[in-house]
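In: Pasted the sequence and its predicted model underneath.
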Amino acid sequence: MAKIIVVDDSNLIAAVISHFAKGYDCEILTARDGEEAIERYKSEKPDLVFLDIKMPKMNGIQALEEIRKIDPEAKVVMCTALKEKAQEEKAKALGACGYITKPFTKEDITSILKKYLK
């Protein structure tokens, strides 16, 4: 079973991704901020991470940097409500494998799951 961590300070995002991921053999785990995301990544070693950019304590860009230090092969998809070209470029330069904007569709999520889950 694949493990996915959804990192967002809104419980709704995890619920939406969980709903869209039905039919995939995966376990959805959550984290509320960047610091918690790093700890969950270390302990759970997920197959995929959906990582919000704007969060309290530590933002998603900072968390992405730390996760990629832990695991240079980490599959991290950045999620944001505001599509900002500079942030997208920075995230991709740091190794994000995807960048989606909220609200996302079922197709957005399922195409990512098909691509990155084995």
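Out: Nice, I can see it.

In: what's the average pLDDT for stretch 73-89?
Out: The average of the pLDDT scores along stretch 73-89 is 92.

In: Would you mind listing the outside residues contacting that stretch?
Out: Stretch 73-89 is contacted from outside by 8, 13, 41, 47-54, 60-61, 64, 67-68, 91, 95-102, 104, 112, 116, using CB atoms under 8 Å, 6 or more residues apart in numbering. Placement of C-beta: from N, CA and C, glycine included.

In: And stretch 82-90, what's buried?
Out: Q87, E88, K90 (16 or more other CB atoms under 10 Å).

In: Make JSON lines from those residues and add secondary structure to it.
Out: Output for these, formatted as JSON lines (DSSP: H, G, I helix; E, B strand; the rest coil):
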{"residue": "Q87", "secondary structure": "helix"}
{"residue": "E88", "secondary structure": "helix"}
{"residue": "K90", "secondary structure": "helix"}
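
In: Save those as TSV, and put in distance to S18 too.
Out: Shown next, in TSV, are the buried residues of stretch 82-90 (distance: CB to CB, whole Å):
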residue	distance to S18
Q87	25
E88	25
K90	28
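
In: Can you tell me which of these is closest to G23?
Out: Closest approach between these and G23, by CB to CB: E88, at 28.9 Å.

In: one step back: which ones among the contacts of stretch 73-89 map onto strands?
Out: Members of the contacts of stretch 73-89 lying in strands (criterion: DSSP state E): L48, V49, F50, L51, D52, G98, Y99, I100, T101.

In: With adjacent residues omitted, what lies nearest to the fifth one?
Out: Sequence neighbours aside, D8 is the residue nearest to D52 in space, at 4.2 Å (criterion: CB to CB, 6 or more residues apart in numbering).

In: burial of that neighbour, as a residue count?
Out: 24 (other CB atoms under 10 Å).
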